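Chemist: This is a predicted model, with the sequence first.
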Amino acid sequence: MYSQGLIGADGRTGETETFLAAFQARIDAEEKIEPKDAMPEGYRRTLVRQIGQHAHSEIVGMLPEGNWVTRAPSLRRKAALLAKVQDEGGHGLYLYSAAETLGVTRDGMTEELLAGKAKYSSIFNYPTLTWADIGTIGWLVDGAAIMNQIPLCRCSFGPYARAMIRICKEESFHQRQGYEIMLTLCRGTRAQKAMAQDALDRWWWPSLMMFGPHDAESSHTEQSMAWKIKRFSNDELRQKFIDATVPQAEYLGLKVPDPAMRWDEALNGGKGGYRHGPIDWDEFWRVVKGEGVMNRDRIAARKKAWDDGAWVREAALAHAAKRATGKVAAE
Ligand code: 3HC
């Protein structure tokens with residue numbers, strides 16, 4: 001079991017400088033930290049926070065897309081969307097399992113989510129108004145997720161890094177199927193192309209916000225990078241995403257809704273990159289604080305699912321208890 005830092009009455013963890021220095025030396029040597037290893041309480045708490053919120057994002061992220069399964073324009077599109085939504089549920093389970101190795105429970109994490117004490121990604125509080133939104137989510141949201149999750153495959157905490165390797169393989173399919181939807185629409189009728197442009201207009205800025213506040217306003221980045229939980233800062237990953245995505249929009253014949261966007265030769269150490277316009281952080285924090293268009297619907301849907309699923313959890317626990325006492329023959 002992880003060795004949780006002892007938290008004394010004075011709120012201090014009782015972790016000595018020697019202990020902290022030895023731990024940091026392991027991080028600096030690129031060693032993987034495993035659940036049974038001694039770790040600073042702050043390291044454990046940061047991972048519980050980030051992995052828990054990541055897992056919540058995967059599960060809540062099933063809702064905007066699930067909304068279109070019955071309305072997919074063809075059996076092929078329906079099958080791909082069903083597979084994607086199912087994958088997201090699996091990603092949530094891997095991540096809840098990774099968080100549980102740190103001494104928290106899925107029930108506890110879910111209770112925090114439903115009570116508004118734990119976050120999930122702001123992006124999932126926007127409505128999916130047209131089929132083009134489903135293409136745009138795959139292209140931009142999963143594209144941004146991949147940009148953020150590839151470095152997490154090298155996270156210092158073993159269970160998180162290993163979960164990411166499996167998740168990233170499936171995210172690539174998610175992103176490709178989304179981009180293919182957009183390509184089909186952009187090569188379709190004028191109305192279909194207009195629908196694709198409308199979706200890009202609505203999802204571009206919220207997708208940039210997925211990477212978190214600017215580095216100067218990020219409360220966790222410095223420590224998370226020292227502990228090699230994060231390998232890149234929020235702004236570095238956002239820039240990578242923008243530089244990769246703007247040419248894709250151009251290939252589609254779509255215009256990124258940023259009039260201030262311009263190519264800057266000086267960016268990326270002289271390799272050049274796209275300098276973006278100002279992000280509306282007031283909108284970001286409004287949505288994070290629960291005032292987005294869909295926040296209430298998302299939490300209500302998760303609460304209904306949790307309540308409706310109580311009997312399944314009780315039955316599974318009762319069955320497991322009976323098997324443990326040998327009263328139920330193993331199948
Ligand atoms: N939505 C909601 N809250 C956000 C946020 C966002 N997009 N970006 C940042 N925040 C919150 C942070 O959680 C933190 O609040 P907290 O202290 O209460 O947790 C606060 O804003 C300050 O942000 P920081 O940048 O200091 O926080 P982090 O260092 O945790 O960085 C992060 C934020 C980059 C999102 C990081 O947590 C991370 O990399 N998480 C793992 C990846 C993840 O969760 N992605 C979410 C999308 S998952 C997804 O898209 C699934 C795909 O299959 C569709």
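Modeler: Thanks, I have the structure now.

Chemist: Only C-alpha atoms from now on, for both contacts and neighbour counts.
Modeler: OK.

Chemist: Could you report the neighbour count for the residue nearest to A72 when sequence neighbours are not counted?
Modeler: Excluding the flanking residues, the one nearest A72 by Cα to Cα, 6 or more residues apart in numbering is K78, at 5.1 Å. Applying other Cα atoms under 10 Å, we find 16 other residues in the vicinity of K78.

Chemist: go on, H276?
Modeler: 17.

Chemist: so how far is W205 from it?
Modeler: Distance from H276 to W205, counting by Cα to Cα, to the nearest Å: 10 Å.

Chemist: just D198 next, same as before
Modeler: Counting by Cα to Cα - D198 and W205 are separated by 13 Å.

Chemist: between these two, who's got more neighbours?
Modeler: Between D198 and W205, counting by other Cα under 10 Å, W205 is the more crowded of the two (20 against 16).

Chemist: how far out from the middle of the chain is the strand or helix carrying that one?
Modeler: Secondary structure from DSSP states H and E places W205 in helix 190-209. Centroid displacement of helix 190-209 relative to its chain, using Cα atoms, centre = their mean, to the nearest Å, is 21 Å.

Chemist: same question for it, mean pLDDT?
Modeler: For helix 190-209, mean pLDDT rounds to 98.

Chemist: what does that helix contact?
Modeler: 122-123, 130, 132-133, 136-137, 140-141, 144, 182, 185-187, 238, 254-257, 279, 284 (Cα atoms under 8 Å, 6 or more residues apart in numbering).

Chemist: residues making contact with the following helix or strand past it?
Modeler: Tracing the chain past helix 190-209, the next element assigned as helix or strand by DSSP H and E is helix 221-226. The contact list for helix 221-226 (Cα under 8 Å, 6+ apart) reads T46, D215, K230, R231, F232, S233, N234.

Chemist: got those as JSON lines, with distance to the ligand columns?
Modeler: Formatted as JSON lines, the contacts of helix 221-226 follow (distance: Cα to the nearest ligand atom, whole Å):
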{"residue": "T46", "distance to the ligand": "8"}
{"residue": "D215", "distance to the ligand": "7"}
{"residue": "K230", "distance to the ligand": "7"}
{"residue": "R231", "distance to the ligand": "10"}
{"residue": "F232", "distance to the ligand": "9"}
{"residue": "S233", "distance to the ligand": "8"}
{"residue": "N234", "distance to the ligand": "6"}
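
Chemist: List only buried entries from the residues you listed.
Modeler: Among the contacts of helix 221-226, those that count as buried by neighbour count (16 or more other Cα atoms under 10 Å) are T46, K230, R231, F232, S233, N234.

Chemist: of all those, which comes closest to I299?
Modeler: For the buried ones among the contacts of helix 221-226, the minimum distance to I299 (Cα to Cα) is 23.3 Å, reached by T46.

Chemist: In contact with that closest one, which residues?
Modeler: S224.

Chemist: go on, the one 5 residues further on?
Modeler: Neighbouring residues of I51 by Cα under 8 Å, 6+ apart: L95, Y96, A98, A99, Y160.

Chemist: Now the one helix or strand E250 maps to: buried residues?
Modeler: Assigned by DSSP H and E, E250 belongs to helix 234-252. By neighbour count on 16+ other Cα under 10 Å, the buried set for helix 234-252 is 234-235, 237-246, 249, 252.

Chemist: tell me the two of the contacts of I51 that are most distant?
Modeler: Y96 and Y160 (9.8 Å).

Chemist: just the strands in this protein please.
Modeler: 262-264, 273-275 (DSSP state E).

Chemist: To the ligand, which of these lies closest?
Modeler: Nearest of the strands of the chain to the ligand, taken as Cα to the nearest ligand atom: strand 273-275 at 19.8 Å.

Chemist: for this structure, where's the lowest mean pLDDT among helices and strands?
Modeler: helix 310-324 (a mean of 94; mean pLDDT, DSSP states H and E).

Chemist: So for that helix, what gets flagged as buried?
Modeler: Result for helix 310-324 [16+ other Cα under 10 Å]: no buried residues.

Chemist: returning to that earlier point: return the alpha-carbon coordinates of the helix holding W205 using PDB.
Modeler: Presented in PDB, the C-alpha positions along helix 190-209 are these (Å, rounded to 0.1, in the frame of the first residue of the first chain):
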ATOM      1  CA  ARG A 190     -22.600  23.800 -49.300                       C
ATOM      2  CA  ALA A 191     -24.900  23.300 -46.300                       C
ATOM      3  CA  GLN A 192     -22.800  20.500 -45.000                       C
ATOM      4  CA  LYS A 193     -19.600  22.500 -45.300                       C
ATOM      5  CA  ALA A 194     -21.400  25.400 -43.500                       C
ATOM      6  CA  MET A 195     -22.400  23.000 -40.800                       C
ATOM      7  CA  ALA A 196     -18.700  22.000 -40.400                       C
ATOM      8  CA  GLN A 197     -17.500  25.600 -40.200                       C
ATOM      9  CA  ASP A 198     -20.200  26.400 -37.700                       C
ATOM     10  CA  ALA A 199     -19.000  23.600 -35.500                       C
ATOM     11  CA  LEU A 200     -15.400  24.700 -35.800                       C
ATOM     12  CA  ASP A 201     -16.500  28.200 -34.800                       C
ATOM     13  CA  ARG A 202     -18.100  26.900 -31.600                       C
ATOM     14  CA  TRP A 203     -15.500  24.300 -30.600                       C
ATOM     15  CA  TRP A 204     -12.200  26.000 -31.400                       C
ATOM     16  CA  TRP A 205     -11.800  28.200 -28.400                       C
ATOM     17  CA  PRO A 206     -13.200  25.700 -25.800                       C
ATOM     18  CA  SER A 207     -10.700  23.200 -27.200                       C
ATOM     19  CA  LEU A 208      -7.800  25.500 -26.500                       C
ATOM     20  CA  MET A 209      -9.100  26.000 -23.000                       C
END
